[in-house]
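# This is a predicted model, with the sequence first.
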Amino acid sequence: FYDELDYERRVRKRRTKLLSSCEDAFTHVRKCLNEKYGTHIPMDAREAAQAVFSSMSRSLQKYLRVTRQQPYFTRESIITHLATCLSHDLSPRTFLERYVQTECQPLATLLFPALASLTNNNREQSWTLICDPQNSTTEEKEKMQ
């Protein structure tokens, strides 16, 4: 019993530290972006991901080790996922969804998404994409007439 409580406490502690370091890293990237690069040379998403990965890698590695997920994620796959999240301006929590297990989503369904459909606590999400209609230019309107 005490082992389970100790394990849950360690996971909570590591999850909190991981979230904090990821939020700091994402804030740093957004701050650099908002400064309009100043004297900095603009970086693409992959370069930015590699630059901020070092600041969060230690806490992510410790979290993955505690939750026994470390063999499933390579450094390269994490950086690729981080670059994708940065390029789409996603939140740190969105980045961490792949790695952080919750009571609603156990570790097995994180690692093997096909198992999620077999579990009874299936949570469905419906998405709606909305976009503005494309504005046609005056040249296009003239061509139509």
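Okay, I see it.

# So which other helices or strands are in contact with the helix ranked longest in the chain?
Criterion DSSP state H: the longest helix present in the chain is helix 2-34. Using 3 or more C-beta pairs under 8 Å, 6 or more residues apart in numbering; DSSP states H and E, the elements in contact with helix 2-34 are helix 45-66, helix 92-96. Any C-beta I mention is one placed from the backbone N, CA and C, and that applies to glycine too.

# With mean neighbour count as added columns, please give those in TSV.
TSV is the format used below for the helices and strands packed on helix 2-34 (neighbours: other C-beta atoms under 10 Å):
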stretch	mean neighbour count
helix 45-66	17
helix 92-96	17
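
# Among these, which comes closest to L86?
With C-beta to C-beta as the criterion, L86 lies closest to helix 45-66 of these, at 4.7 Å.

# Tell me which of the helices and strands packed on helix 2-34 approaches F26 most closely.
Nearest of the helices and strands packed on helix 2-34 (C-beta to C-beta): helix 92-96, 4.6 Å.

# what sits up against the closest one?
18-19, 22-23, 25-26, 81-82, 85 (C-beta atoms under 8 Å, 6 or more residues apart in numbering).

# tell me the mean pLDDT for that helix?
Across helix 92-96, the average pLDDT comes to 89.

# before we move on, what about stretch 54-70?
90.

# One more: stretch 10-24?
In the prediction, stretch 10-24 has an average pLDDT of 91.

# Return the set of buried residues in it.
14-15, 17-19, 21-23 (16 or more other C-beta atoms under 10 Å).

# Make TSV out of those and add distance to M56.
Listed next are the buried residues of stretch 10-24 as TSV, based on distance: C-beta to C-beta, whole Å:
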residue	distance to M56
R14	12
R15	13
K17	10
L18	7
L19	10
S21	4
C22	5
E23	9
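
# of all those, which two lie farthest apart?
R14 and E23 (14.9 Å).
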